[in-house]
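Student: Can you look at this prediction? I've put the sequence above it.
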Amino acid sequence: MLNFVDSVQEAVAGIKDGSTVMIGGFGNAGQPFELIDALLECGATDLTVVNNNAGQGDQGLALLIKEGRVKKMICSFPRQSDSWHFDAKYKAGEIELELVPQGNLAERIRAAGAGIGGFFTPTGYGTMLAEGKETRFLDGKWQVFETPIHADVALIKALKADGKGNLVYRKTARNFGPIMAAAARQSIVQVSEIVPTGALDPENVVTPGIYVNSIVKVAGSGAGTSTTTEKAA
Amino acid sequence: MLNFVDSVQEAVAGIKDGSTVMIGGFGNAGQPFELIDALLECGATDLTVVNNNAGQGDQGLALLIKEGRVKKMICSFPRQSDSWHFDAKYKAGEIELELVPQGNLAERIRAAGAGIGGFFTPTGYGTMLAEGKETRFLDGKWQVFETPIHADVALIKALKADGKGNLVYRKTARNFGPIMAAAARQSIVQVSEIVPTGALDPENVVTPGIYVNSIVKVAGSGAGTSTTTEKAA
Amino acid sequence: MSTATTLQTSTTPLGRDELARLVAKDIAPGSFVNLGIGQPTLVSNYLTDEQNITLHTENGMLGMGPAAEGDQIDGDLINAGKIPVTELPGASYFHHADSFAIMRGGHLDICVLGAFQVSATGDLANWHTGAPGAIPAVGGAMDLATGAKDVFVMMTLLTREGASKIVESCTYPITGVGCVTRVYTDKGVFLTGPDGVTVRETFGCTLEELQELVPVPLKAAA
Amino acid sequence: MSTATTLQTSTTPLGRDELARLVAKDIAPGSFVNLGIGQPTLVSNYLTDEQNITLHTENGMLGMGPAAEGDQIDGDLINAGKIPVTELPGASYFHHADSFAIMRGGHLDICVLGAFQVSATGDLANWHTGAPGAIPAVGGAMDLATGAKDVFVMMTLLTREGASKIVESCTYPITGVGCVTRVYTDKGVFLTGPDGVTVRETFGCTLEELQELVPVPLKAAA
C-alpha cells in the first residue's frame, strides 16, 4: 500500500533494529540526506547498510556509521578522502565490510527485485573478491556465482512522484534508486515535487508505483542541489 | 558503428544463412513487418528465430516459416488461432521448437545483453519445461538454471530515433525491443521518424544508441498502425 | 483481505459473472493485480473505483484500463490477450524484462488464472493438455503462477464429463508447484495449500454434497 | 583502429599529455569509450569532433561532455570520479544496473584505465595495493576490466623506485585476468595478450634499452 506521509520522521518510523537498509545515491547525487538524518534521529541500530560508498564527511551515512548504528556495510567503494568515520570504525574492527564490485552490487540488487536466485558473471573472476565462490565456464569465459541482495527497506531520492507513486529522477541522481526500490520490501522515497496522477507521461515513468510504499516531499531537495546539501554534524 | 540506411532491403542485406535472428513485437504491436518482409525477400535461410510467437496469419514471420527459411523457433506461445503455417511445419517435423516461458525468454535475452552467463529462476520448476535442467534451492525456493539467448541480428520497430541512434518506443509496442537490441550483435531498427540529435530528452531515451547499428525510416509504420498493417501473402 | 473465516453457503450455484463479482470483492484495496486471459478478465468489470486496483498486463504496462472501443482502438496498446485496451491516468510502460521482473520478483499481490486442474496442495495445471500432437504454448502462465503473492483460480468445478478439476494430483502437465492459494468455482470457494483443501463457501450445495464431487478430503473453514 | 604494425620510435619519452593525445588518436571513429579516473581522463582533451566518440560514465550516462564550470555545475550531473560534468546532445541517462549492463555485456569498445601493474599476458592490477591495514575499495574497476572489448592501460613504465610495472606476474591483487590489450607508457606502447608482449612504439629509447627495464621478453611489432 502506498502512503503519502508528512515528514521524514514519520516515513522512517517503522525501521527496526537489525534491518538491512539500502540507501540510494552515488556520491552526493541521489543521496536521500533528509531520510538518512531521520533514520539517525529515530534510533534504529544494528543495521546492515547497502550503498555504493560508506559515507563521506560529517553528514548522512557517515554520521550513522560514526554513531555506531551500522554493523555491516555492503558497498563497492568505502575508501575516500573524507570517509574518516568509516575508516576509524573499520580499523577498530567495529564494522563489518562486504566489498562488492560495483557492477555486481548493481546486478545483485537488480536480481533481488527481479526474483533471480543467483547468477554467473565474469566480473571478479580470478580476484580476491571471488575467493571461495563457485565458478563455472560459460559463454567462453570463467564466471563467478553471485547471489541477490535483498533489503527490508530502501531510502531513495527521486525528483517527482505522482499520486500512484510513479517516480522520475534527475540526471545521474537516478543511479541506484530504481533497482533498490524493486529489491526492498519497503521503499521510502523523498521527492522534491508531488504531481497529480496523470501528470507524468506513462512512457517516461522510471520507477512504477508498484515498487513504492511511502512518499514524503522534502522542500529544497530538488534539482541540482545534491552538492549544496551540506549538513552540520 | 551506426548507419542510417535508405531501405529495408539495404538494412537486412548482411544477414547470413544460419543466423539467429531476434524479432521484436508481441502480437502485432512492435512487429517490424517491413524488415521481416525484406528478410523474406533477401533469401537468408536456415534461420533460428527468437520471437514471442511463431507468426500469425499470412504475413511477416508466418511467411518466413511457410517458405521454409526457419529451422528453429525459440518462443513462448507458438499456437494461436491463425498460426497455421507454423502448425503445419511443426506437425510435419520440419521446424524445431524451443518452448520457453515468456519471462524466462525475456530474462534470457536480457542476460545475453547484460553479460550474465546464466541464472536461477523459480519459473518452470517442476514442470516439463524444466526437465533435464539443473535445479538448486535458493532464497527459500527451488529454482531452475537458465542460460542467455544471444543473437546475430535483432530486427526491431521503434517510434523515433535521433542522430545518435537513441530510441523511444510507443506504448505496449516497446515489449521486446530494448532487450533484443542489447542481446544481438547487430541491431537493425525501423522507425517512423528520425529526429535531430538533441530532440529526445536524455531522461526519456529507452534504448541508448550504443545498442543500435542500422536505422531505416519506414513511412506509415508509425503510431498505432500495428493492427492495420495487413500484408497480402 | 475480506476473507470469511467460517463456511458460508448460498442456495444456487454461481454464474460466471457472479463469480467474477465475488473475486473482485475479495481483492484488497490498493492491490496490484494481473487478470489472466478468458474468465478472469471478467473480474475487471466488478472492480470499484474505491478499491483503487492497478491492473498489470505482462506485455509491458501497469495501469491498464478497460477494453478499447471505436476510436480508442490503438494497435500499439494491447493486453496480453492481444485485445486493444486503454490507458488509465498514472499508467506506465516498460519493456518485457522489466514487466516480468514485476511478476517474477513477487511484486504482484494477486493474479487470477483459469485452470484445467488444481491439486489439493495447490499445484496448477493450466497451460497444456498434454494430448499427443498438441502444439504446446505457455506464454506467461508459469511466471504468473510462480511469481504472484496470491494465485487465485477461477473455473467450473467439474469438467463437461463431470470430473472434478480439484484433484489429488494433476494428470495434466503442471504450470507451477504449490502455487494456488484459492480456487473460485461455480459450486464453492476452496483454499489450497500445504495442509490440503478448505472450503470457504458453497453455492447451491452442502459441504457433504461437495465432498461427493471432489476426490480429496475437504475441511470446512473453521 | 590506426595501429601501426611495425615498430615506431620517437626521440624522447612522452609526457602525460602527449600520451593522452596518442591514445585519443588510436580510438576508432564512432567508438563508445569509458575513461577511468586520473590520467585516462586527460584523453578526453584530445578527442576530435570528427571522431564522434561517445563517452560513458558508469554512474549512469552516455554522451558525457567536458567538466562543468561555473553556472554549469549541477550536483545531479557528475561522473564516476564525482566531478561535475556536462551533457552533450544525444546523451541518455539510465540506472546503475542498466549502466553496468553496458559494460558487462561487452558493449563498450574501449576503456582506458590506470594501473599498478600489468602482466605479460594482460592481467591487470589497479585496485588495491594489498598493504596490511589498507581499506580496499574496488568501484567499477573489475567490471570495466572484464567487460570492455579493449582495455587500454595508461601509466608510467616504472615506479618511483625504478621497478617495471609490466611484470611476469602481478604481485598486487589483480583486477582482471588477461584483460589488458594495450599498455601506453612514457617509454613505449606495448600490446599484451596470450602470446606475451609486443612493443609497438618506443619513446626516447631503443627496444634493447626497453628490454633492460622490463623483466619479460619483448618482441618488436612485425
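Tutor: That came through, no problem.

Student: from here on, contacts and neighbour counts on C-alpha atoms
Tutor: Fine.

Student: quick one: the residue lying closest to residue C:29 once chain neighbours are set aside and residue A:1, what's the gap?
Tutor: If you skip the residues right next to it in sequence, residue C:29 has residue C:51 as its closest partner in space, 4.3 Å away by C-alpha to C-alpha, 6 or more residues apart in numbering or on different chains. Distance from residue C:51 to residue A:1, counting by C-alpha to C-alpha, to the nearest Å: 12 Å.

Student: Residues that sit against both of those two, list them.
Tutor: By the contact definition C-alpha atoms under 8 Å, 6 or more residues apart in numbering or on different chains, residue C:51 and residue A:1 are jointly contacted by residue C:30.

Student: returning to what we had before: just list the residues touching the residue nearest to residue C:29, thanks.
Tutor: C:28, C:29, C:30.

Student: can you list the weak-confidence ranges in the chain?
Tutor: In the absence of a named chain, this looks at chain A. A:221-233 (pLDDT under 70).

Student: meant chain C actually
Tutor: The model of chain C has pLDDT under 70 over residues C:1-6.

Student: sorry, back to before: now, which of the contacts of residue C:51 sits nearest chain A?
Tutor: residue C:30 (5.9 Å; C-alpha to the nearest C-alpha).

Student: hey, where'd the helices end up in chain A?
Tutor: A:8-12, A:33-42, A:61-66, A:84-91, A:102-114, A:177-183 (DSSP state H).

Student: chain center to the biggest helix by length in chain C: distance?
Tutor: Identified as the longest helix of chain C according to DSSP H is helix C:16-26. Averaging C-alpha positions (C-alpha atoms, centre = their mean, to the nearest Å) puts helix C:16-26 11 Å from its chain's average.

Student: same thing with stretch A:178-192?
Tutor: On C-alpha atoms, centre = their mean, the centre of stretch A:178-192 falls 8 Å from that of its chain.

Student: And stretch A:33-53, by the same measure?
Tutor: Taking mean C-alpha positions (C-alpha atoms, centre = their mean), stretch A:33-53 and its chain are 10 Å apart.

Student: Quick one: end-to-end distance for it.
Tutor: First residue to last in stretch A:33-53 (C-alpha to C-alpha) measures 14 Å.

Student: list the buried ones in that stretch?
Tutor: Burial within stretch A:33-53, assessed by neighbour count using 16 or more other C-alpha atoms under 10 Å in any protein chain shown, is assigned to A:33-40, A:42, A:44-53.

Student: now residue C:46, nearest residue through space, not along the chain?
Tutor: residue C:21 (5.3 Å).

Student: Need the phi and psi values for the residue nearest to residue C:29.
Tutor: The phi/psi pair for residue C:51 (degrees, to the nearest 10) reads phi -70, psi -30.

Student: From residue B:136, how far out is it?
Tutor: Distance from residue C:51 to residue B:136, by C-alpha to C-alpha: 39 Å.

Student: Just say helix, strand or coil for the residue with the largest distance to the centre of chain C.
Tutor: The C-alpha centroid of chain C is most remote from residue C:71, which lies 30.6 Å away (C-alpha atoms, centre = their mean). Using DSSP: H, G, I helix; E, B strand; the rest coil, the structure places residue C:71 in helix.

Student: sec struct for residue C:86, please.
Tutor: Under three-state DSSP, residue C:86 falls in the strand class.

Student: Kindly provide the distance from the residue nearest to it when sequence neighbours are not counted to residue D:65.
Tutor: Leaving aside its chain neighbours, residue C:86 sits nearest to residue C:65 (4.7 Å; criterion: C-alpha to C-alpha, 6+ apart). The gap separating residue C:65 from residue D:65 is 42 Å, by C-alpha to C-alpha.

Student: Wait, residue A:190 touches residue A:219, no?
Tutor: No. Using C-alpha atoms under 8 Å, residue A:190 makes no contact with residue A:219, being 9.6 Å away.

Student: Who has more neighbours out of the two?
Tutor: Each of residue A:190 and residue A:219 has its neighbours counted (other C-alpha atoms under 10 Å in any protein chain shown); residue A:190 has more, 30 against 11.

Student: Any idea what that one is bridged to?
Tutor: Under DSSP bridges, the beta-bridge partners of residue A:190 are residue A:157, residue A:216.

Student: Is there a neighbour count for the closest residue to chain D within chain C? I'd like the number.
Tutor: Closest to chain D within chain C is residue C:98: 11.3 Å, counting by C-alpha to the nearest C-alpha. A count of nearby residues for residue C:98, using other C-alpha under 10 Å, gives 24.

Student: residue contacts, it?
Tutor: Contact analysis of residue C:98 by C-alpha under 8 Å, 6+ apart lists A:114, C:60.

Student: Try it again at 6 Å.
Tutor: If a contact means C-alpha atoms under 6 Å, 6 or more residues apart in numbering or on different chains, then residue C:98 has no contacts.

Student: any idea which helix or strand carries it?
Tutor: Here residue C:98 sits within helix C:96-104, counting by DSSP states H and E.

Student: re earlier: so which bits of the helix or strand where the residue nearest to residue C:86 lies are buried?
Tutor: Using DSSP H and E, residue C:65 falls within strand C:61-67. By neighbour count on 16+ other C-alpha under 10 Å, the buried set for strand C:61-67 is C:61, C:62, C:63, C:64, C:65.

Student: I'd like the distance between the fourth one and residue C:89.
Tutor: Computed as C-alpha to C-alpha, the residue C:64 to residue C:89 distance reads 9 Å.

Student: Same question for the second one.
Tutor: The gap separating residue C:62 from residue C:89 is 10 Å, by C-alpha to C-alpha.

Student: residues from chain C in reach of chain A?
Tutor: Taking C-alpha under 6 Å from any C-alpha of the partner chain, the part of chain C that reaches chain A is made up of C:30, C:89, C:90, C:91, C:92, C:93, C:101, C:104, C:105.

Student: Check these against residue A:91 and report the nearest one.
Tutor: For the residues of chain C next to chain A, the residue nearest residue A:91 by C-alpha to C-alpha is residue C:105; the value is 37.7 Å.

Student: burial count for the closest one?
Tutor: Counted with other C-alpha under 10 Å, residue C:105 comes out at 25.

Student: Please name the residues that touch it.
Tutor: Counting by C-alpha under 6 Å, 6+ apart, residue C:105 touches A:113, A:114, A:115.

Student: swap in residue C:118?
Tutor: Shown in contact with residue C:118 (C-alpha under 6 Å, 6+ apart): C:124, C:166.

Student: which stretch of helix or strand covers it?
Tutor: With DSSP H and E as the criterion, residue C:118 is inside strand C:117-119.

Student: partner strands of that strand, parallel or antiparallel?
Tutor: Strand C:117-119 has the following sheet partners, assigned by DSSP bridges: strand C:124-125 (antiparallel), strand C:166-167 (parallel).

Student: Those strands into TSV, with extra columns for mean neighbour count?
Tutor: What follows is those, written out as TSV (neighbours: other C-alpha atoms under 10 Å in any protein chain shown):
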stretch	mean neighbour count
strand C:124-125	30
strand C:166-167	24
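
Student: can you put the ones you listed in CSV and add distance to residue C:34?
Tutor: Converted to CSV, the strands paired with strand C:117-119 look like this (distance: least, C-alpha to C-alpha, whole Å):
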stretch, distance to residue C:34
strand C:124-125, 16
strand C:166-167, 23
